[in-house]
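**Student:** this is a predicted model, with the sequence first.
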Amino acid sequence: MIPVTPLAPLPARPRLRLVVALGLALVSPSALAQQQSEPASADPLRDDVRTYCSNIVDEARDQRYLLQAKELKDIGAGIDERIKVLEARRDDYREWLAKREEFLRVAESTLIDIYKNMKPDAAAAQLELVNPEIAAAIVMKLNARLASQILNEMDAKIAASLTGIIASAAATQPPKDPT
């Protein structure tokens, strides 16, 4: 290691050169390497700057690493906070989904009970107006005698369509891969 000599007060311009040289040494280690590869000059100011920069290069590198570590820690804290928000939203969604599924289960059983208590001709007229998939699902949930009475009261094309939907739902073979 090169011994450090105390610097004498410098005039304004050499002081500016010193600040610029220190800034380059702190910003880029390659600038320090370039300065070290230059041949020794007779300028004592350059020698003092080179000596000072070589003496503080490890401290500057350590400070740079500390700053980077702090930035990474801050980023990690931000990510952890976002994860907490997402987990809270996921829990809210799961709770909402459970309530929705319970509502659908209760609504389905109530809906089936309504159609069980209707006269077959009135149920047929109502089911003709409903989405065919929903109508087929309702007919599938009814007992066979009531379902056949309702289908008997329906328009033949609609009844055939519902029967096709019910038959395809009961198919044992999985659908073919579309690709």
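**Tutor:** Received the coordinates, thanks. Worth saying up front: this structure is predicted, and the values here are computed from it rather than measured.

**Student:** per-domain residue ranges of this structure.
**Tutor:** Following automatic domain parsing, one finds the domains of the chain at 12-71, 118-169.

**Student:** which one of the ones you listed lies nearest to residue 105?
**Tutor:** Evaluated over these, closeness to residue 105 peaks at domain 118-169, with 12.2 Å, by C-beta to C-beta. Every residue, glycine included, has its C-beta placed from N, CA and C.

**Student:** mean pLDDT for the domains of the chain: which is lowest?
**Tutor:** If the domains of the chain are sorted by mean pLDDT, domain 12-71 sits at the bottom with a mean of 68.

**Student:** hey, C-alpha coordinates of stretch 72-86 in CSV?
**Tutor:** This file holds the C-alpha atoms of stretch 72-86, laid out as CSV (Å, rounded to 0.1, in the frame of the first residue of the first chain):
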residue,chain,number,x,y,z
LEU,A,72,-32.5,-5.1,-2.6
LYS,A,73,-33.9,-5.2,0.9
ASP,A,74,-36.3,-2.4,0.1
ILE,A,75,-37.4,-4.2,-3.1
GLY,A,76,-37.9,-7.4,-1.1
ALA,A,77,-40.0,-5.6,1.4
GLY,A,78,-42.2,-4.2,-1.4
ILE,A,79,-42.6,-7.7,-2.9
ASP,A,80,-43.5,-9.1,0.5
GLU,A,81,-46.2,-6.4,0.9
ARG,A,82,-47.6,-7.2,-2.5
ILE,A,83,-47.7,-10.9,-1.7
LYS,A,84,-49.7,-10.1,1.5
VAL,A,85,-52.2,-8.1,-0.5
LEU,A,86,-52.6,-10.9,-3.1
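
**Student:** and the strands in the protein?
**Tutor:** Counting by DSSP state E, one finds no strands in the chain.

**Student:** any idea which residue is closest to the centre of the chain?
**Tutor:** Centroid check for the chain by C-alpha atoms, centre = their mean gives residue 86 as the closest residue, at 8.4 Å.

**Student:** per-residue pLDDT of that residue, please?
**Tutor:** pLDDT, residue 86: 95.

**Student:** what does residue 89 give?
**Tutor:** On the pLDDT scale, residue 89 gets 95.
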